[in-house]
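> turn this into a structure:
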Amino acid sequence: MIRIYMKPSDKTAKGAGWARWSAKPLYRELVATAKADGIMNAVAHHTHYGYSNHGPVLDTGFETPNPHLTMCVELIGQRDELERFCRRHGDLLATKVVVYKHLEHWIIGPMNSNLS
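Numbering: from 1, shown residues only. Got it, this is the predicted structure:
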C-alpha cells in the first residue's frame, strides 16, 4: 500500500491562469490513473484535522471545506505494481509525501476442507 498526501486543491496542471483553474483535481487523476494501470484498490480519503510535509496544523472549515487541509490517496497493490506506478507518474507525485507500507491480502471464502 502507498499513501500519497496532498491538498484537495492540488491540480494536475502547474502554473497559473485558466489551465490551472480548469484542471482536474490531482486526487481524482491519481485514482483514475491507478485504475487504468490495473492497481487493485485506489481511494481518496479526506481528513478533518492534521498536517503534512511539515506544514501548519489545519482543520475543516465550519461553513466551507478547507481546500488546504491534508487528504490522501491510498493505493493497494503488489509492491512492483506500486513502484511502477510511482516511476511512470512521477510528474504527478513530485513534492508529495508518499509512504509505502507492506500489507497482507487475505482472501476469505468457504472453509477449506483440507484445514483442521
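
> contacts for stretch 66-73 next, please.
Judged by C-beta atoms under 8 Å, 6 or more residues apart in numbering, the contacts made with stretch 66-73 from elsewhere in the structure are 3-9, 27, 30-31, 34, 42-52, 55, 58-60. Yep, even glycine has a C-beta here, placed from its N, CA and C like the rest.

> which among those residues end up buried?
In terms of neighbour count (16 or more other C-beta atoms under 10 Å), the buried residues within these are 4-8, 27, 30-31, 34, 42, 44, 47, 52, 58.

> in a helix, Ala19, correct?
Yes - the assignment for Ala19 by DSSP: H, G, I helix; E, B strand; the rest coil puts it in a helix.

> okay, the residue nearest to the spatial centre of the chain and Lys14: tell me how far apart.
For the chain, Val73 is the residue whose C-alpha lies nearest the centre (C-alpha atoms, centre = their mean; 1.6 Å). Applying C-beta to C-beta, to the nearest Å, one obtains 18 Å for the distance of Val73 from Lys14.

> Asp91 too?
In terms of C-beta to C-beta, Asp91 sits 9 Å off from Lys14.

> which neighbours do these two share?
Counting by C-beta under 8 Å, 6+ apart, Asp91 and Lys14 have no shared contacts at all.

> hang on, the earlier thing: which of the contacts of stretch 66-73 fall in strands?
Among those, the members falling in strands are 3-6, 42-46, 49-50, 58-59 (criterion: DSSP state E).

> among those, which two are most distant?
In terms of C-beta to C-beta, the ones in strands among the contacts of stretch 66-73 reach their longest pairwise distance at Ala42 and Asp59, which sit 26.0 Å apart.

> so what's Lys35 closest to, chain neighbours aside?
The shortest distance from Lys35 to any residue that is not its chain neighbour, by C-beta to C-beta, 6 or more residues apart in numbering, is 6.3 Å, and that residue is Ala42.

> just checking, that neighbour touches Arg28?
No - here Ala42 does not reach Arg28: they are 10.4 Å apart, not a contact under C-beta atoms under 8 Å.
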